[in-house]
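1. Provided below are the primary sequence and the corresponding predicted coordinates.
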Amino acid sequence: MKRVITYGTFDLLHYGHINLLKRAKALGDYMIVALSTDEFNWNEKQKKCYFTYEIRKQFLEAIRYVDLVIPEENWEQKVSDIKEYHIDTFVMGGDWTGKFDYLKDNGVEVVYLSRTPEISTTKLKKNLSCRHAK
């Protein structure tokens, strides 16, 4: 069984997220999503999520491409996750290209998938706040 993992916040889940998860799942048989916790998002990324970790986790668990959701609590856990979950392929969005190449030293394939260009959570939040302000 080929195992795939990806990491992210997945706030305001949209079709760009679904496209990424579908393409990542196509690279293996078992798809794990390491979902950034609220604390990690705030303390390390200075991101405030619209939905809580538990709600975002429920959304991801409802997607047929996702087999398991685990918490992402720090930047360093990727190496231990690869070992613990016997990961074959590490997948991230194209905006991270090159940043995780060091993980190849742990025997995994590192794949960067292009994002869906016309959609992003940041763009959604900006558009929603502009509409609300009118």
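-> Perfect, I can see it now.
2. SS state for Thr6?
-> Here Thr6 is recorded as strand under DSSP: H, G, I helix; E, B strand; the rest coil.
3. Look up how far Lys57 lies from the closest residue to Gly98 other than its chain neighbours.
-> Using C-beta to C-beta, 6 or more residues apart in numbering and skipping the chain neighbours, the partner closest in space to Gly98 is Tyr112 (7.8 Å). Heads up, the C-betas are built off the backbone N, CA and C, glycines and all. Noted for Tyr112: a distance of 24 Å to Lys57, by C-beta to C-beta, to the nearest Å.
4. that older thread, so what's the residue nearest to Gly98 scoring on pLDDT?
-> On the pLDDT scale, Tyr112 is placed at 97.
5. That one belongs to a helix, doesn't it?
-> No. Under three-state DSSP, Tyr112 sits outside any helix and is assigned strand.
6. Now for it, how many residues are close by?
-> By other C-beta atoms under 10 Å, 17 other residues sit near Tyr112.
7. so what's it bridging to?
-> Counting by DSSP bridges, Tyr112 forms beta bridges with Met92.
8. ok, it to Glu84 distance?
-> Counting by C-beta to C-beta, the gap from Tyr112 to Glu84 is 23 Å.
9. And the strands in the protein?
-> In the chain, the strands defined using DSSP state E lie at 3-8, 30-36, 68-72, 89-93, 109-113.
10. For those, please prepare TSV with the additional fields distance to Lys47.
-> Shown next, in TSV, are the strands of the chain (distance: least, C-beta to C-beta, whole Å):
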stretch	distance to Lys47
strand 3-8	11
strand 30-36	8
strand 68-72	12
strand 89-93	15
strand 109-113	21
